[in-house]
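# Dropping a prediction and its sequence here:
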Amino acid sequence: MRRPGRSIGLALITVSLSLPLAACTQVEEFESEYSPTTVTPVEGAGEDDPQQVAFTADAARRAGLITAKVSRSGRRTAIPYAALIYTEDGATYAYVSPKPLVYIRRPVTVDHVAGNRVLLRSGPPTGTTVVTTGAAEVYSAEFGVEE
């Protein structure tokens, strides 16, 4: 003979396990309008010319962006080697920062490398702020490279 308590117990367990499933609903996909960086054309520049890349303070912190000033070494200007960006075609650039959290890629002509310094034939003037740590992240933001 079956005990009624056992059937009721099984029924209660079955109902309690199915309740969470009944509460499930499909969630709509949400696309955020937030962007940690913005890229805008530089006024007067052509289509393939450098663009202005702006980071939010939080994005710059997460990317670990650090800057330094262009200095003078003898008759040449110098930048830290970490500030130097090489493109696929061998062109050399550095990202200058005309104001906090804003970066623009500028061409540089390397005279020679001396240790961790790059002495320039041409490039930004002494005192200009350049990106050292995180220059690759700025480059990625400018060209839309995703992780």
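Happy to help now that I have it. Numbering: from 1, shown residues only.

# Quickly note the distance from residue 109 to residue 90.
Distance, residue 109 to residue 90, using C-beta to C-beta, to the nearest Å: 12 Å. Using the backbone N, CA and C atoms, a C-beta is placed for each residue, glycine as well.

# Give the pairing partners of the host helix or strand of residue 39; include direction for each.
Secondary structure from DSSP states H and E places residue 39 in strand 37-41. Its sheet considered, strand 37-41 pairs with strand 51-55 (antiparallel) by DSSP bridges.

# Pull the contacting residues for residue 113.
Contacts for residue 113 (C-beta atoms under 8 Å, 6 or more residues apart in numbering) come out as 81, 119.

# So what sits opposite it in the bridge?
residue 118.

# quick revisit: tell me how far the strand holding residue 39 lies from the chain's centre.
How far strand 37-41 lies from its chain's middle: 12 Å, per C-alpha atoms, centre = their mean, to the nearest Å.

# The closest residue to residue 108 other than its chain neighbours - how many residues pack around it?
Nearest non-adjacent residue to residue 108, counting by C-beta to C-beta, 6 or more residues apart in numbering: residue 123, 3.6 Å away. Using other C-beta atoms under 10 Å, residue 123 is surrounded by 26 other residues.

# Pretty sure residue 123 sits against residue 78.
No. Assessed by C-beta atoms under 8 Å, residue 123 is found out of contact with residue 78, at 9.3 Å.

# Which neighbours do these two have in common?
With C-beta under 8 Å, 6+ apart as the test, residue 123 and residue 78 both reach residue 70.

# Would you enumerate the residues in contact with residue 36?
So, once contact is read as C-beta under 8 Å, 6+ apart, residue 36 ends up touching 55, 56, 58, 59, 62.

# so what's the last one closest to, chain neighbours aside?
The shortest distance from residue 62 to any non-neighbouring residue, by C-beta to C-beta, 6+ apart, is to residue 36 (7.7 Å).
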